[in-house]
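Novice: here are the coordinates; sequence isn't available:
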């Protein structure tokens, strides 16, 4: 009886959805070259790492030849205040260690008494503005929601719009495309000439889905330097399964170099890195 009363009590409380959007910065922001010719950008589903795994991840983001010292990070499956990661604020811990600004967002929980959902994050050595939490349409099983995060990167003489997204796994591809379109709809609210990067775990595991995703983003004026290479590996009954789940899309920007860091096995995803050319004025 008492448990039922508690559930009803929390259900009647106003749900503070704004608490699922957070931004901040490290005490000391890492210094960069005054006028860099390229900006390293990373997209990585970290699979909620905590403890020693999180320490390993931070060390890689500091020192790894491929993903180390990036200027912009788009991360997915980032915990905040969850039991499995020691009730820590993962985005803030990473930002403090790397000397970066950060924003984090999570979807609403299915029940008011649930732990906070795992979210997405954007980290940058440049200040963030116009930070927006985008709750994606089309819930998954158990009314689970997914979320994306948009922010404007304010560089000296440049402004880029950047997104980090984590799409639902177990819904039909048509509904997934509607989730991706929610990002593009937000992007239309910014100047068409503003460079943009859309990154994240799109969960595109179905056969023949790449062409549909490519058409959606290409029609919106974005392109990707990555082909159909796998970005995810998991063993099922001792058999390795590899899929292309993660994407990086560019608008008004060119990739100088790019790759997938397959030697990093902190998560079941691999990080995607792109060295993006700075525009000349």
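Specialist: That came through fine. The structure presented is a predicted model; accordingly, all values stated were derived computationally and were not measured. Numbering: from 1, shown residues only.
Novice: now stretch 101-109: mean pLDDT?
Specialist: Averaged across stretch 101-109, the pLDDT comes to 96.
Novice: Any idea how far apart the tips of that stretch sit?
Specialist: Chord length of stretch 101-109, first to last residue, is 26 Å (C-alpha to C-alpha, to the nearest Å).
Novice: Over to stretch 259-270?
Specialist: Stretch 259-270: ends 10 Å apart by C-alpha to C-alpha.
Novice: For that stretch, give me every contacting residue.
Specialist: With C-beta atoms under 8 Å, 6 or more residues apart in numbering as the test, stretch 259-270 has contacts from 44-47, 49, 53, 56-57, 60, 64, 66-67, 77, 201, 226, 229, 231-234, 245-246, 271-273. The C-beta positions use only the backbone N, C-alpha and C, and glycine is treated the same way.
Novice: Now do the buried residues in that stretch.
Specialist: 259-261, 264, 266-267, 269-270 (16 or more other C-beta atoms under 10 Å).
Novice: before we move on, what about stretch 192-204?
Specialist: So stretch 192-204, judged by 16+ other C-beta under 10 Å, has buried residues 195-204.
Novice: Those: which two are farthest apart?
Specialist: Greatest spatial distance in these: 195 and 203, 25.8 Å, computed using C-beta to C-beta.
Novice: Can you add secondary structure and give the buried residues of stretch 192-204 back as JSON lines?
Specialist: Listed next are those as JSON lines, based on DSSP: H, G, I helix; E, B strand; the rest coil:
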{"residue": "195", "secondary structure": "coil"}
{"residue": "196", "secondary structure": "strand"}
{"residue": "197", "secondary structure": "strand"}
{"residue": "198", "secondary structure": "strand"}
{"residue": "199", "secondary structure": "strand"}
{"residue": "200", "secondary structure": "strand"}
{"residue": "201", "secondary structure": "strand"}
{"residue": "202", "secondary structure": "coil"}
{"residue": "203", "secondary structure": "coil"}
{"residue": "204", "secondary structure": "coil"}
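Novice: of those residues, closest to residue 211?
Specialist: Nearest to residue 211 among the buried residues of stretch 192-204, with distances taken as C-beta to C-beta, is residue 204, at 10.5 Å.
Novice: what sits against that closest one?
Specialist: 176, 210, 213, 243-245, 247.
Novice: Same question for the top helix by length along the chain: list its buried residues.
Specialist: Using DSSP state H to define each element, the chain has its longest helix at helix 173-187. Within helix 173-187, the residues that count as buried by 16+ other C-beta under 10 Å are 173, 176-180, 182-184, 186-187.
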